[in-house]
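Trainee: Here is the input, now give the coordinates:
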Amino acid sequence: MFIMGNFIEAVARILDVGLTLYMWIIIIRALISWVNPDPYNPIVKFLYQITEPVLSTIRRWIPLRGIGIDISPIIVILIIIFLQSFLVQSMIQMAIRLKS
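Mentor: Presented below is the predicted three-dimensional model:
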């Protein structure tokens, strides 16, 4: 069972790194949106392409247009933190139990 434990731990660690990377991409996109970026810049296009599907889904679920500020990046970051605290940690603890 230690092989399955090692596999689950490896998946959990990769998921943790991926979630952390996506959180930083969301933060960078939010910061760039404050300065009116050039929409034809390849970096800006990449950031929008990779984050807009998630952010638009959050905007559809929680329509907060009346407050004048887009809080969808904050909600996505909170979801990522929840996933890291709950899902990744649960996977690591399951892997530890399978190893012993």
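Trainee: now the helices for the protein?
Mentor: All helices of the chain, identified by DSSP state H, fall at 2-33, 42-61, 72-83, 89-99.
Trainee: In TSV: these, plus mean neighbour count and mean pLDDT.
Mentor: C-betas here are computed from N, CA, C, even on glycine. TSV is the format used below for those (neighbours: other C-beta atoms under 10 Å; pLDDT from 0 to 100):
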stretch	mean neighbour count	mean pLDDT
helix 2-33	14	95
helix 42-61	13	93
helix 72-83	16	96
helix 89-99	15	93
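Trainee: wait, what's in contact with Gly5?
Mentor: Neighbouring residues of Gly5 by C-beta atoms under 8 Å, 6 or more residues apart in numbering: Met94, Ala95, Ile96, Arg97, Leu98, Lys99.
Trainee: State the distance from the fifth one to Ile69.
Mentor: Read it as Leu98. If you measure Leu98 against Ile69 using C-beta to C-beta, to the nearest Å, the figure is 45 Å.
Trainee: cool, and the first one?
Mentor: According to C-beta to C-beta, Met94 stands 39 Å off from Ile69.
Trainee: ok, now the second one?
Mentor: When distances are taken as C-beta to C-beta, Ala95 and Ile69 turn out to be 40 Å apart.
Trainee: what's the answer for the last one, then?
Mentor: Going from Lys99 to Ile69 by C-beta to C-beta gives 46 Å.
Trainee: what's the neighbour count on Gln84?
Mentor: Gln84 is flanked by 16 other residues according to other C-beta atoms under 10 Å.
Trainee: List the single closest residue to Ile71 in space, sequence neighbours excluded.
Mentor: Leaving aside its chain neighbours, Ile71 sits nearest to Leu64 (6.0 Å; criterion: C-beta to C-beta, 6 or more residues apart in numbering).
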